[in-house]
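A.B. asks: just to be clear, the model below is a prediction. Sequence and coordinates:
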Amino acid sequence: MRMDSRMQQRCRYQRQQSVSRAVPVVSARNGGNYAYRVQTGMRSFIKMAGKQDLTPLIDLIAEPGTGPVRERRAEYASLLPPCNAACPAGENIQGWLAAARAGAYHEAWLKLLESNPLPGVHGRVCYHPCETDCNRRELDGAVSIQAVERFLGDRADEQGWTVPIEAPVSGKRVLVVGAGPCGLSAAYHLVRAGHAVEIHDAAPLPGGLMRFGIPAYRLPRAVLRDAIRRIEALGVKIVNSHRVDDLLKQLAEGRFDAAFLAIGAALGKRVDIPARDAARMLDAVSLLHRVASGETPQLGRRVVVYGGGNTAMDAARTARRLGASDTLIVYRRDRAHMPAESFEADEAIEEGVRIKWLTSIKEIVGSDLTVEHMELDSEGWPRPTGRLEQLSADAVVLALGQETDSGFLRAVPGIEFTKDGALIVGPDLMTGCRGVFAGGDAVPGAHTVTASVGQGKKAAHRIDEYLCGKRRAGAIRHPQVTFDKLHLPLYSDAEPHEPGRLPPGERAEGFEEIIAGFSEPQARYEAQRCLSCGNCFECDQCYAACPEQAIEKLGIGAGYRVLYERCTGCAVCFETCPVHAIEMVPEPTGAAR
């Protein structure tokens, strides 16, 4: 009797199990949209657990076995990968990585643009919480998601890819106030939904703090320019040097059906520091704006930056590039409690910036600063110690946070404000004035480019619902897949690629971009490191492992289905699925067993 190919495959699998005690692991096929290739066979676990053998022992009473009546059944599931869950812009990161690892870069870019119109920008300035939560961190390092996103954005600019608009024209008009990341994102999603959009912005060029707040060594202006031109090519009209002072008048004159306020937080906060004949004092927001506008402020040799956020790091690094040989950041808390991203502080220190922790400026007299040493209480907040120290500076840059310039909205009925001037909005991002929405840095919440882009998308969806008079179908939020839910006793070591960087000694010589992008092989390799957590990538492990031949292949890209007339509920498929794309669920009441 001859065995069919399927039976031969099962026999090979069983021999492999008995010889090597291996379990099926992730594999990939040439040209398919599949997870990173790993090979079956015994591998060292040095990265994860030294030389300890992590092959799990079989506990015959830990799980219920099969019997005459099936009590549970296998079901294919689509769960939420941690990268997707962590993305403030709401990107389907796993989805576009799957296309990128197959070399389908245009498809990956289009999928990315379903949520984010600024991939080249995000690939440089996002603080990538997706990588912080990536399950692969528990193996050999997180997938370098940000670098792959940058590659896709740069590839689109190089090849002139365009964005299709498929929605019919709605006849509705929307005014967006502010051309920063939130306003641009909202305009992009609104125009793709079929609405006419006009952006009014007070600055001479669009981009908001992406242009006037993020230094060029992090975000080259050509990248931002190309991203904005792509949005304009969709039909978004941007009116620069147009300050909106009377919102209701603008709405009436332009015959707009709705408005979105994305006015940002471009005013630097001030602090009451006693100062007599003080050294030059300026706020970090103004300094960065002037430099981005082409000016070269003369700060002197000794510069003190007061603050501990990302803006403080940018201001200090900018001061170094303007010729300050002694740049010192003064911050009232310690490094563990600073609001700046840790890598921002690392890069500043690499470039020669010094940081004086647990220190507060008490008084400024001429070029002399009196600072007080602080200590942290049990909750991590600073308190004075009475110990004083003298410093000297030619210029003091205040980087103590930002606030929104919302005074012109005080006359709009229904709009309410927080005590620091931020706009109060509902869950739908609508203010108390009907048809007027707000988002980004102008409302309470996380103030980053990525969070603003995500809020712009959310606002666009809510505005579209308002204009069309119907709710969008809500997305189903699936349970998240944590590392402990994966079945990866075997995996291939694949160290992440690190982007190239300018040597620290060369960075302060100008505003050249300091981090290089990935080549095509590097980007594809990195995309192939994705484990596809929680979602089937058709590795065939369940198909090969099922002892009852109860798994049916539906073709490439179509997945599998369980033949319940054969399934005994043994859970072998569940245990061999490396990415937890199968769940064992109780047998439905009344179902055939």
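C.D. replies: Thanks, I have it. Residues are numbered from 1 along each chain as shown.

A.B. asks: okay, the spatially closest residue to Arg462 that is not a sequence neighbour: pLDDT?
C.D. replies: Spatial nearest neighbour of Arg462, chain neighbours left out: Asp428 (4.4 Å); criterion: C-beta to C-beta, 6 or more residues apart in numbering. Bear in mind the C-beta positions are built from the backbone N, C-alpha and C, glycine included. Listed pLDDT for Asp428 reads 95.

A.B. asks: surely Asp428 is in contact with His461?
C.D. replies: No - the criterion here is C-beta atoms under 8 Å, and Asp428 misses it with His461 at 9.2 Å.

A.B. asks: so for the two, which residue has more residues nearby?
C.D. replies: More neighbours surround His461 than the other of Asp428 and His461, with 18 against 13 (other C-beta atoms under 10 Å).

A.B. asks: beyond the helix or strand that contains the more buried one, next helix or strand please.
C.D. replies: Element membership of His461, judged by DSSP states H and E, is helix 449-468. Heading C-terminal from helix 449-468, the first helix or strand you meet, by DSSP H and E, is helix 504-507.

A.B. asks: centre of the chain to that next one, how far?
C.D. replies: 27 Å (C-alpha atoms, centre = their mean, to the nearest Å).

A.B. asks: ok, stretch 297-315 next?
C.D. replies: On C-alpha atoms, centre = their mean, the centre of stretch 297-315 falls 27 Å from the chain's centre.

A.B. asks: dump the C-alpha coordinates for it into PDB.
C.D. replies: The C-alpha coordinates for stretch 297-315 follow below in PDB (Å, rounded to 0.1, in the frame of the first residue of the first chain):
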ATOM      1  CA  PRO A 297      21.700  83.100  17.000                       C
ATOM      2  CA  GLN A 298      24.900  84.100  18.800                       C
ATOM      3  CA  LEU A 299      24.700  82.300  22.200                       C
ATOM      4  CA  GLY A 300      28.300  82.600  23.300                       C
ATOM      5  CA  ARG A 301      30.600  79.900  24.500                       C
ATOM      6  CA  ARG A 302      28.800  78.900  27.700                       C
ATOM      7  CA  VAL A 303      25.200  77.900  27.400                       C
ATOM      8  CA  VAL A 304      22.900  76.500  30.100                       C
ATOM      9  CA  VAL A 305      19.700  74.800  29.100                       C
ATOM     10  CA  TYR A 306      17.100  74.500  31.900                       C
ATOM     11  CA  GLY A 307      14.800  71.500  31.500                       C
ATOM     12  CA  GLY A 308      14.800  67.700  31.000                       C
ATOM     13  CA  GLY A 309      12.500  67.000  28.100                       C
ATOM     14  CA  ASN A 310      13.300  66.100  24.500                       C
ATOM     15  CA  THR A 311      13.100  69.800  23.600                       C
ATOM     16  CA  ALA A 312      15.900  70.500  26.100                       C
ATOM     17  CA  MET A 313      18.000  67.900  24.500                       C
ATOM     18  CA  ASP A 314      17.400  69.300  21.000                       C
ATOM     19  CA  ALA A 315      18.200  72.900  22.300                       C
END
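
A.B. asks: and that stretch, which residues are buried?
C.D. replies: Buried residues in stretch 297-315, counted by 16 or more other C-beta atoms under 10 Å: 297, 299-300, 302-315.

A.B. asks: keep only those of the residues you listed that are in helices.
C.D. replies: Taking DSSP state H as the definition of helices, the buried residues of stretch 297-315 contribute Asn310, Thr311, Ala312, Met313, Asp314, Ala315.

A.B. asks: specify the beta-bridge partners of Arg561.
C.D. replies: Under the criterion DSSP bridges, Arg561 forms beta bridges with Glu552.

A.B. asks: so what's it up against?
C.D. replies: Arg561 is in contact with Tyr76, Ile551, Glu552, Leu554, counting by C-beta atoms under 8 Å, 6 or more residues apart in numbering.

A.B. asks: and it, how far from Asp157?
C.D. replies: Here the criterion is C-beta to C-beta, to the nearest Å. By it, Arg561 lies 42 Å from Asp157.

A.B. asks: so where does Cys536 fall, helix or strand?
C.D. replies: With DSSP H and E as criterion, Cys536 is part of no helix or strand.

A.B. asks: make that Ser360, sorry
C.D. replies: Using DSSP H and E, Ser360 sits within strand 359-365.

A.B. asks: related to what we said a few turns ago, for the residue nearest to Arg462, phi and psi?
C.D. replies: Per-residue torsions, Asp428: phi -90, psi 10 (degrees, to the nearest 10).

A.B. asks: same question for Ile238.
C.D. replies: phi -110, psi 120.

A.B. asks: dump the residue contacts of it.
C.D. replies: Ala179, Glu198, Ile199, Asp201, Pro206, Ile228, Glu232.

A.B. asks: centre of the chain to the helix or strand where the third one lies, how far?
C.D. replies: If I follow you right, that is Ile199. Using DSSP H and E, Ile199 sits within strand 196-200. Its chain's C-alpha centre and that of strand 196-200 lie 26 Å apart, by C-alpha atoms, centre = their mean.

A.B. asks: just the CA trace of that strand, in CSV.
C.D. replies: Extracted C-alpha coordinates of strand 196-200, given in CSV (Å, rounded to 0.1, in the frame of the first residue of the first chain):
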residue,chain,number,x,y,z
ALA,A,196,-12.7,69.1,0.3
VAL,A,197,-10.1,70.3,2.8
GLU,A,198,-8.4,73.6,3.3
ILE,A,199,-5.6,74.2,5.8
HIS,A,200,-5.0,77.7,7.2
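
A.B. asks: any residues touching it, and which ones?
C.D. replies: Outside strand 196-200, the residues that touch it by C-beta under 8 Å, 6+ apart are 169, 172-179, 183-184, 187, 190-191, 206, 235-239, 242-244, 250, 254, 256.

A.B. asks: looking at these, which are in helices?
C.D. replies: Gly183, Leu184, Ala187, Leu190, Val191, Gln250, Gly254.

A.B. asks: in PyMOL, select just the buried ones from the residues you listed.
C.D. replies: Applying 16+ other C-beta under 10 Å to the ones in helices among the contacts of strand 196-200 leaves a buried subset, and the PyMOL line that selects it is:
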select buried, resi 183+184+187+190+191+250
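
A.B. asks: just give me the closest of the ones in helices among the contacts of strand 196-200 to Val443.
C.D. replies: Gly183 (12.9 Å; C-beta to C-beta).

A.B. asks: I figured the closest one was touching Ala259, is that so?
C.D. replies: No - with contacts counted by C-beta under 8 Å, Gly183 stays clear of Ala259, the gap being 11.0 Å.

A.B. asks: from Leu282, how far out is Gln250?
C.D. replies: On the measure of C-beta to C-beta, Gln250 and Leu282 end up 32 Å apart.

A.B. asks: shaky segments in the protein?
C.D. replies: 1-67, 276-279, 490, 590-593 (pLDDT under 70).

A.B. asks: quickly run through the sheet partners of the strand ranked longest in it, with directions.
C.D. replies: Ranked by number of residues, the top strand in the chain under DSSP state E is strand 382-392. Counting by DSSP bridges, the strands paired with strand 382-392 are strand 368-376 (antiparallel).
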